[in-house]
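*Asks:* Quick one: sequence plus predicted model below, questions after.
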Amino acid sequence: MFGLGEPQTDGPFTNGVVKGTYAGSATYPASFGVTVFSGEFTADGASTTGNISGHDDVGAPSGPVSGEAFNANYSVSSSPTNGRGTMTISSGTGGNAVFYVISPTKLVALSQNDPKPAILVFEQGSTTTTTPPAPTVTLSSLTLNPTSVIGGLQSSTATVTLSGPAPAGGAIVALDSSNGAASVPSSVTVPAGATSTTFTVNTSIIILATSATISATYNNTTRTATLSVLI
């Protein structure tokens, strides 16, 4: 009848995001007292229920009127039988419709008890998922083990830890020491996907006990640790 083929036996039409268009005509809303001849709508809902909103193009004594607001609630049966089920539409005029599943992604609904039935063509839409940006990875901590060493005879192992996995290519952490009695490389790289790595703090022979502040910087975040160098 509508050139849409026989009803299919596809599963329930439960996508929460659907879109569609009108074909045919119906009187909506009742207060307009005019005939809908075309329009567009989107229906956003959970499972088989939701809210339909959009616009109508309507016929009026002065001619077509575009962009009239359209709002309605809908629900469809979750288990159509032989490709046929019922849809309840609550709107300015209310009413029910019979729908036919014509493909895995499309159904057609015909309003009932209306001398000019609306033909609603629902097409299952794809939900657009926006992936939030990954949180910025910063330097979480810098630790030394041990924290006291004998200058020139012992070294300390430093561990830098990130707040999350290092990005592709790794995270290059800049290093510095406030005292030449304790030396560090200029940088250390946390491998991609890892959250920590270590480096060695070497010391020199000294004549007086001293201390050095070891600093590590990554992504505008700096962490420090103090190493005591003894004689």
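*Replies:* Structure's in. What do you need?
*Asks:* how about the closest residue to Val137 other than its chain neighbours, what does it touch?
*Replies:* Leaving aside its sequence neighbours, Val137 sits nearest to Gly164 (C-beta to C-beta, 6 or more residues apart in numbering; 4.5 Å). Glycine gets a C-beta too; all of them are placed from N, C-alpha and C. The neighbours of Gly164, taking C-beta atoms under 8 Å, 6 or more residues apart in numbering as the test, are Ala134, Pro135, Val137, Thr195.
*Asks:* so what's the second one closest to, chain neighbours aside?
*Replies:* Meaning Pro135. Spatially, and ignoring its direct neighbours in sequence, Pro135 is nearest to Gly164 (6.3 Å; C-beta to C-beta, 6+ apart).
*Asks:* how much space between that neighbour and Ala181?
*Replies:* 34 Å (C-beta to C-beta, to the nearest Å).
*Asks:* related to what we said a few turns ago, closest one of the contacts of Gly164 to Gly151?
*Replies:* Checking those against Gly151 by C-beta to C-beta gives Thr195 as the nearest, at 31.6 Å.
*Asks:* In this model Pro167 seems to touch the closest one, though I could be wrong.
*Replies:* No - using C-beta atoms under 8 Å, Thr195 is not in contact with Pro167; the gap is 11.7 Å.
*Asks:* Show me what counts as buried in stretch 186-205.
*Replies:* The neighbour-count check on stretch 186-205 (16 or more other C-beta atoms under 10 Å) flags Val188, Val190, Thr195, Thr197, Phe199, Val201, Asn202, Thr203 as buried.
*Asks:* For the last one, give me its contacts.
*Replies:* Applying C-beta under 8 Å, 6+ apart, one finds that Thr203 lies in contact with 149-156, 181-183, 227, 229.
*Asks:* Swap in 10 Å and give it another go.
*Replies:* Contacts of Thr203 were listed using C-beta atoms under 10 Å, 6 or more residues apart in numbering, and they are 149-156, 179-183, 210, 212, 227, 229-230.
*Asks:* lowest-confidence helix or strand of this structure?
*Replies:* Least confident helix or strand, the chain: strand 26-27 with a mean of 32, by mean pLDDT, DSSP states H and E.
*Asks:* so what sits against both of Thr195 and Pro167?
*Replies:* Val137.
*Asks:* Confidence-wise, which of the contacts of Gly164 comes last?
*Replies:* Least confident of the contacts of Gly164 in the model: Ala134, at 72.
*Asks:* My guess is that one contacts Ala168. True?
*Replies:* No - under the criterion of C-beta atoms under 10 Å, Ala134 makes no contact with Ala168, lying 11.1 Å away.
*Asks:* so how many other residues sit close to the nearest residue to Pro146 once chain neighbours are set aside?
*Replies:* Excluding its sequence neighbours, the residue lying closest to Pro146 (C-beta to C-beta, 6+ apart) is Ser156, at 5.8 Å. When neighbours are defined as other C-beta atoms under 10 Å, Ser156 has 24 of them.
*Asks:* ok, what's across the strand from Val173?
*Replies:* Beta-bridge partners for Val173, by DSSP bridges, are Val188.
*Asks:* Measure how buried it is and give me the count.
*Replies:* Counted with other C-beta under 10 Å, the neighbours of Val173 add up to 24.
*Asks:* and if you look at Gln154?
*Replies:* Other residues lying near Gln154 total 14 when counted by other C-beta under 10 Å.
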